[in-house]
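Participant: Got a sequence here, can you build the structure:
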Amino acid sequence: LLAGPVNLFILNHKGKRSWFLWTLPAISFATSAVVFVVSFFSEGFTPRLRTQSLTLLNQVEQEATTLGAIAVYAPIAPSKLNFSGQSEVTPLFRGEDYGPFGGSRNRDSGSNRQVEWSAGGEQRLTGKWIGSRVPAHFAIRKSEHSEIRIQVDWSGAEPEIVNGLGCQITRLFLSSPKGTIYEGSDIKPGQKVSLKPLPSGLKSKIDTGSHGGTFSSAAYLAREIADLSDQEPVDSISPSEVPPNGYWAQLSDPSPFLENPLKGRNSRHRTSGHIIGILGLPAATP
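Facilitator: Numbering: from 1, shown residues only. Here you go, the predicted structure:
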């Protein structure tokens, strides 16, 4: 309305209708500049990344199984996404969305999607896996050999642990083989700390199921964590669910078992992760 009828009415009133040939492009350019500036200051060019993961880490067999979710929102679509060759990456596209008056609208505008494999076994997703200003989501599943671990020393009155996970632990619950639960918080990578028993004296629930105590208890805790939605805090889960001779680590740093597909690029990264660990039996434990 401003560039067309209003502009033409004012110019006609002043007797300068020929100015319409340059005022129309000028107003259009100014409008485009305002849209660009507003978009830049509201979103910028930095992509946003959110990751969630749950890892079952068997330190006895040195095996890690991870379920994860990755969400990416980029003002300017990245040219590639990098994933480990051991990751099963499932894009979560919405093929059709029904409009308010019936019919369907294709919500997947991607094209020319390709996967490249490097000599080192890394997979690169190239092409339009992600559109500019269009959220993209991926489900991740992977099983891998891993020597990452939490080292536990039971020789003292209270267990001492060394955080060998390579990331900061927000909160840790550790259960002895007899079910005594110890806790710690804000443990940095490589830090050695002593854990304190729970003030409540809460004990681990000993699973007497047919599939074995430690492994079935760890699987049950994993299901409880996975069943909670993003809006429901995991604090509702009792520490007594931690399997005997195992631990539950809540992470504040990106999980070492879930890769960053935008590695090497500046991004705003929000993350939440959990690791349920199964420990080997020491010679003597409380």
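
Participant: What distance do you get for the residue most central in space within the chain to Trp117?
Facilitator: Central residue of the chain (CA atoms, centre = their mean): Thr51, 0.8 Å from the mean position. Taking CB to CB, to the nearest Å as the measure, Thr51 falls 23 Å from Trp117. For every residue, glycine as well, the C-beta is placed using N, CA and C.

Participant: which residues sit in contact with the residue lying closest to Glu147 once chain neighbours are set aside?
Facilitator: Nearest residue to Glu147 in three dimensions, chain neighbours excluded: Gln62, at 5.7 Å (CB to CB, 6 or more residues apart in numbering). Gln62 makes contact with His145, Ser146, Glu147, according to CB atoms under 8 Å, 6 or more residues apart in numbering.

Participant: Can you give me the distance of the first one to Ser272?
Facilitator: His145 sits 25 Å away from Ser272, going by CB to CB.

Participant: ok, the two, which is more surrounded?
Facilitator: Set His145 next to Ser272 and count neighbours by other CB atoms under 10 Å: Ser272 wins out with 17 against 9.

Participant: where does the more buried one land in three-state SS?
Facilitator: Following DSSP: H, G, I helix; E, B strand; the rest coil, Ser272 is assigned to strand.

Participant: Might one say that it is in contact with Gln52?
Facilitator: Yes. Shown here, Ser272 and Gln52 form a contact pair, counting by CB atoms under 8 Å, at 5.3 Å.

Participant: what's the helix or strand hosting the residue nearest to the centre of the chain packed up against?
Facilitator: Per DSSP states H and E: Thr51 is located in strand 48-58. Here strand 48-58 touches strand 63-73, helix 213-227, strand 268-278, going by 3 or more CB pairs under 8 Å, 6 or more residues apart in numbering; DSSP states H and E.

Participant: now the ones you listed in TSV, with distance to Ser132 and mean pLDDT?
Facilitator: Below are the helices and strands packed on strand 48-58 laid out as TSV (distance: least, CB to CB, whole Å; pLDDT from 0 to 100):
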stretch	distance to Ser132	mean pLDDT
strand 63-73	10	94
helix 213-227	32	82
strand 268-278	16	93
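
Participant: Okay, now the unreliable bits of this structure?
Facilitator: In the predicted model of the chain, residues 94-111, 206-214, 229-231, 282-286 satisfy pLDDT under 70.
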